[in-house]
Each structure stands twice: as C-alpha cells, then as structure tokens.
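# Fold the stuff below for me.
(one chain, ligands or ions: 1)
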Amino acid sequence: MTEAKTFNYVADHIPKTVACNRRPANVMNASTITIHNTGNPTSTARNERAWLTNPSNTRTASYHIVIDEREVIECLPLNENAWHSGDGSGATSGNRTSIGVEICESGNYAKTLDSAATLVAAMLKERGWGVDRLRRHYDWSAKICPRLMYDGGKWTGWAAFKAAVAAKMIPNKEADDLAKLMSAADANKIIAYLSASYMAAQDSASRAEFKRLADELRRVSGQKT
Ligand SMILES: [Zn+2]
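Sure, this is the predicted structure:
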C-alpha cells in the first residue's frame, strides 16, 4: 500500500480459528471507513493486536486496522468483516460494510492522530472516495466513540479530523496534476522534431498547424508562447 512509504504498515492477520468468532471471514465490499479510539490510554497498536488473540479475551469484537505513534497494524483483511460498530450483522450494518480503524490513545497522541489522517486520506484516495465516506462508531450505534473527538458532545474533534484528512488529500491531487504536465526540456525536444516538418511543409495551413502544436507544447510545459 502507498501509506507504507509514510510509516510502517504491517499486515498481521488474526487466524480464522481465533476464539469468539472474531474473524468470521464474511466477504465484505466496504463502502465506508469507521473511526474509533481504543478507549485505553496506555495500549499500543501491538497491544491491541495481541489482545485479539489473547486467550483471556472473551469478547466478540475485532477491528481491521489499529494505529499508534509508530506503526499501523492490519489485523484483518480489508475485504472481510470485523465486529467493531456494535450494530449487529445485518447486510447494511457497519459491521458488514465498514472498515474499522482504531486510533490508539497512548504515547504522542498528536503524532498518532496526524498519522491516522495520513493513512485514512491514502485509503480514501485509493478507493476514489471523499471524506463523506468517513463514519464515527457513534454513527452506527451511538457509542461515544471515537471518544477523544467527542469534546463534551460537540464533536469538534471529529470535524477537525475530517478537515485534516481532506487537507491531506488536496496536496496529493495537486502533485498528481503537476505530474501530468510536461517538462520544458521534453517539450522543446518535441518542438525541435516538429520544426523539421514545419520547414518541409509547403502550404500555410500545415505551417499554421505546426505552429499551433508547438505553442500548445510550450503552454503545457510552462513556457511562454
Ligand atoms: Zn469504537
């Protein structure tokens, strides 16, 4: 995945034999991404992943991705469902349609939150989605989660997170647009080839067309025409 360039992205899937049906392996064609906080001020991504296969864990709860200040761990394939949204197993439930991302509360939370925004922006971009595809755990089952974005009921932290994700998607778009442009050096090489045809052309219409093409090449390579 592209986000591996930004931070360490580890796929460490829990086995299908894991207890309490935590990996039911139902095929999922996700349509949204759901954001959570772990609700644990001290657990790391490794701790949260380990908890899913801890013999003392008796809960039917799981999540696709957990992120902390240093890494991202994918605990379940993103095309299988997890039990993270607390709204049952219906076809349109969050549990059956949404990728669950758990944001750790431990360590440097500002750094974790920034990494989470980078990760989620890359995931949305990869799927051709906008921030309208983001959900809170709260949206599915009214649980106060992600709790650190709740702000005493105003959810300003949630609005800020979505804005941070959106902001990370804009520079990428600009970079993509710039990458589509031609370098001045390449444009001038092509113009040099064109000029041979220009010199050979006998009629004014052909000459006008070569001139138009040369100007177009100068324009897309940021040169004056
Ligand atoms: Zn949650």
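
# Do a quick rundown of the strands in the chain.
8-11, 32-37, 65-67, 71-74, 98-103, 134-136 (DSSP state E).

# So which elements touch the second one?
Applying 3 or more CB pairs under 8 Å, 6 or more residues apart in numbering; DSSP states H and E, one finds that strand 32-37 makes contact with helix 94-97, strand 98-103, helix 109-127, strand 134-136, helix 137-141. Quick note: C-beta positions are derived from backbone N, CA and C, even for glycine.

# residue ranges for the helices of the chain, please.
Taking DSSP state H, the helices of the chain run over residues 45-52, 94-97, 109-127, 137-141, 156-180, 184-200, 204-220.

# which of the residues in the third one are buried?
In terms of neighbour count (16 or more other CB atoms under 10 Å), helix 109-127 has its buried residues at 109, 112-113, 115-125.

# what's the pLDDT at the residue of the chain positioned farthest from its centre?
The C-alpha centroid of the chain is most remote from Gln202, which lies 55.2 Å away (CA atoms, centre = their mean). pLDDT for Gln202: 84.

# ok, it to Asn29 distance?
60 Å (CB to CB, to the nearest Å).

# in this structure, what spans have low per-residue confidence?
1-6, 171-180 (pLDDT under 70).

# Distance check, the residue farthest from the centre of the chain against Phe210.
For Gln202, the distance to Phe210 - CB to CB - is 12 Å.

# One more: Val220?
From Val220 to Phe210 the distance is 16 Å (CB to CB).

# Now distance to Thr17 and mean neighbour count too, for the strands of the chain, in JSON lines please.
Converted to JSON lines, the strands of the chain look like this (distance: least, CB to CB, whole Å; neighbours: other CB atoms under 10 Å):
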{"stretch": "strand 8-11", "distance to Thr17": "18", "mean neighbour count": "14"}
{"stretch": "strand 32-37", "distance to Thr17": "25", "mean neighbour count": "23"}
{"stretch": "strand 65-67", "distance to Thr17": "21", "mean neighbour count": "27"}
{"stretch": "strand 71-74", "distance to Thr17": "18", "mean neighbour count": "20"}
{"stretch": "strand 98-103", "distance to Thr17": "21", "mean neighbour count": "26"}
{"stretch": "strand 134-136", "distance to Thr17": "30", "mean neighbour count": "22"}
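
# a markdown table for those strands, including distance to Ala159?
Listed next are those as a markdown table, based on distance: least, CB to CB, whole Å:
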| stretch | distance to Ala159 |
| --- | --- |
| strand 8-11 | 27 |
| strand 32-37 | 12 |
| strand 65-67 | 20 |
| strand 71-74 | 23 |
| strand 98-103 | 16 |
| strand 134-136 | 11 |
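
# will you turn these into TSV that also has distance to the ion?
Shown next, in TSV, are the strands of the chain (distance: least, CB to the ion, whole Å):
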stretch	distance to the ion
strand 8-11	21
strand 32-37	3
strand 65-67	11
strand 71-74	17
strand 98-103	7
strand 134-136	8
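
# of all the ones you listed, which lies closest to Phe161?
strand 32-37 (7.0 Å; CB to CB).

# what's next to the closest one, contact-wise?
63, 84-85, 94, 97-105, 116, 120, 123-124, 129, 133-137, 139-140, 145-149, 158, 161 (CB atoms under 8 Å, 6 or more residues apart in numbering).

# repeat for stretch 127-145
Residues contacting stretch 127-145 (CB under 8 Å, 6+ apart): 31-37, 39, 84-87, 93-95, 98, 120, 124, 146, 149-150, 155, 158, 162, 165-166, 169.
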